[in-house]
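Predicted structure and sequence below. I'll ask about it afterward.
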Amino acid sequence: MKSVSLIKALAMTVLGAVALSAHAENYPARPISMIVPYPPGGTTDIAARTIAQAMGPFLKQSIVVDNRAGAGGNIGMGIVKRAAPDGYTIGMGTIGSQTINQYLYSDMPFDPAKDFVPLAMVFTTPNVIAVSATSDMKTMQDLFTKAKANKNKPLTYGSPGIGSSVHLTGAFLEQAAGIQMLHVPFKGVSGTMPALIGGQIDILMDNLPSTLSQLKDGSRVRALAVTSAQRSPSLPDVPTVAEAGLKDFDVTAWFALYAPAGTPPEVQATLIDAAKKALATPEVKAQFAAVGATVGTLTGKDLAAFEVQERQRWSRLIKERNITTN
């Protein structure tokens, strides 16, 4: 009887493997859901909607973007973690959700290193440091001087939220320049931009794509610097923070696709192949360039290795600056 049971168990295992293989071969057979863990209109949303539309033709299925904002991206990526690992639910992770949040939140709903498989970097972009067009700060040196002269009333800077890459850019800037500022978190650029224009905050920091149109218009806001090592082709006249005297200052935000852990290798390969083909199209390159972003090149294991380096960098800053979500 035991041998019969064993044979049945082995048969079921084989049948399951065959079914899984058949599933992978037929994938995708229906539309795919892409969870975006941040509100519509921001940089993550721009990245997601662009790549979703571009990947569709290569997958011969549509990708439906589903915004699930909250807790610095944790809510949305938590949904991705709990989804069936069948390739029909993927997520747009970020530098925040995948390499920063675990050092800020005590109640993380996922382990970013274990609960996902990295698929493809979608794009990278510098953050921008901007002020109102009426501000007396014209350069980063003006900002540094004013911050040092106003220790009793620190300059305020707005970001899309506590623990965002933009928030940590501000903390990194304070550390590198030897200044103190007051961080004011908002729920996305829809909150920070009106606050800057209205005079409620002194400085706006954000991912470049979210603010580029306002900066190019120039009537209400003005860029002081970008945080990348090189100037942005989208704002060629705006210097880098490094040019302002903070040597080696280099911060870029990044956005990448992930699937739940356990997603079959064949399905992962299909998604990665579609992402690579989409990112290589002139249309996507032009769309990303138009918003100040650079097409990603890392996929799979290379992306995972990059994440390890990012976690080391940001965990150290969070500890040194005693940054918390409280």
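Sure thing, it's come through. Numbering: from 1, shown residues only.

Give me the neighbour count for Ile75.
Applying other Cβ atoms under 10 Å, we find 16 residues neighbouring Ile75. (Each C-beta comes from the backbone N, C-alpha and C, glycine too.)

Can you verify my assumption that it contacts Pro37?
Yes - the pair Ile75 and Pro37 passes the contact test of Cβ atoms under 8 Å, sitting 6.4 Å apart.

Ser213: how many residues sit nearby?
10.

Quick check: pLDDT value at it.
Looking at Ser213, its pLDDT is 91.

Tell me the secondary structure at it.
Put simply, Ser213 is helix when judged by DSSP: H, G, I helix; E, B strand; the rest coil.

cool, and the one 10 residues further on?
Look at Ala223: counting by three-state DSSP, its state is strand.

what's the answer for Asp86, then?
At Asp86 the chain is in coil, as set by three-state DSSP.

hang on, the earlier thing: next, show the common contact partners of Ile75 and Pro37.
Here Ile75 and Pro37 have 68-69 as joint contacts, going by Cβ atoms under 8 Å, 6 or more residues apart in numbering.

Go ahead and produce CSV holding the CA coordinates of whatever helix or strand Glu307 lives in.
Glu307 belongs to helix 300-321 when elements are defined using DSSP states H and E. In CSV, the C-alpha atoms belonging to helix 300-321 read as follows (Å, rounded to 0.1, in the frame of the first residue of the first chain):
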residue,chain,number,x,y,z
GLY,A,300,17.8,39.7,-12.9
LYS,A,301,20.9,38.8,-10.8
ASP,A,302,22.7,42.0,-11.8
LEU,A,303,19.8,44.0,-10.4
ALA,A,304,19.8,42.0,-7.2
ALA,A,305,23.6,42.6,-6.8
PHE,A,306,23.0,46.3,-7.3
GLU,A,307,20.3,46.3,-4.5
VAL,A,308,22.8,44.9,-2.0
GLN,A,309,25.1,47.8,-2.6
GLU,A,310,22.2,50.3,-2.2
ARG,A,311,21.1,48.7,1.1
GLN,A,312,24.6,49.1,2.5
ARG,A,313,24.8,52.7,1.5
TRP,A,314,21.4,53.8,2.7
SER,A,315,21.3,51.8,5.9
ARG,A,316,24.6,53.4,7.0
LEU,A,317,23.2,56.9,6.4
ILE,A,318,19.9,56.1,8.2
LYS,A,319,21.9,54.9,11.2
GLU,A,320,24.3,57.8,11.2
ARG,A,321,21.6,60.4,10.9
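
Check which residues of it are buried.
For helix 300-321, burial by neighbour count (16 or more other Cβ atoms under 10 Å) applies to 303, 306-307, 311, 314, 318.

Might you report the residue contacts of the residue nearest to Pro40 when sequence neighbours are not counted?
What sits nearest to Pro40 in space, not counting adjacent residues and going by Cβ to Cβ, 6 or more residues apart in numbering, is Asn67, at 5.3 Å. Residues near Asn67 by Cβ under 8 Å, 6+ apart: 36, 38-40, 45, 76.

how close does Asn67 sit to Asp136?
As for Asn67, its distance to Asp136 is 38 Å (criterion: Cβ to Cβ, to the nearest Å).

buried residues in stretch 120-140?
When burial is assessed from 16+ other Cβ under 10 Å, stretch 120-140 yields the following buried residues: 120-132, 135, 137, 140.

Closest one of those residues to Ile162?
Taking Cβ to Cβ as the measure, Ile162 lies nearest Asn127 of these, at 15.5 Å.

Okay, buried residues for the helix or strand hosting Ile75 please.
Ile75 is part of helix 74-82, with elements assigned from DSSP H and E. Residues of helix 74-82 classed as buried by neighbour count (16+ other Cβ under 10 Å): 74-81.

Also stretch 101-121?
101-105, 108, 110, 112, 115-121.

where along this structure do the helices fall?
2-26, 43-59, 74-82, 95, 140-149, 165-177, 189-197, 208-217, 265-279, 282-290, 300-321 (DSSP state H).

got those as CSV, with distance to Pro239 columns?
Below are the helices of the chain laid out as CSV (distance: least, Cβ to Cβ, whole Å):
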stretch, distance to Pro239
helix 2-26, 50
helix 43-59, 21
helix 74-82, 35
helix 95, 23
helix 140-149, 7
helix 165-177, 14
helix 189-197, 20
helix 208-217, 14
helix 265-279, 29
helix 282-290, 20
helix 300-321, 23
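
What pLDDT is listed against the residue nearest to Pro40?
Note on Asn67: pLDDT of 96.

which residues does it bridge with?
When assigned by DSSP bridges, Asn67 has beta-bridge partners Val36.

Run through the residues that contact the closest residue in space to Ile46 that isn't next to it in sequence.
Nearest non-adjacent residue to Ile46, counting by Cβ to Cβ, 6+ apart: Pro209, 5.3 Å away. Counting by Cβ under 8 Å, 6+ apart, Pro209 touches 43, 46-47, 125, 291-293.

Cheers, nothing more for now.
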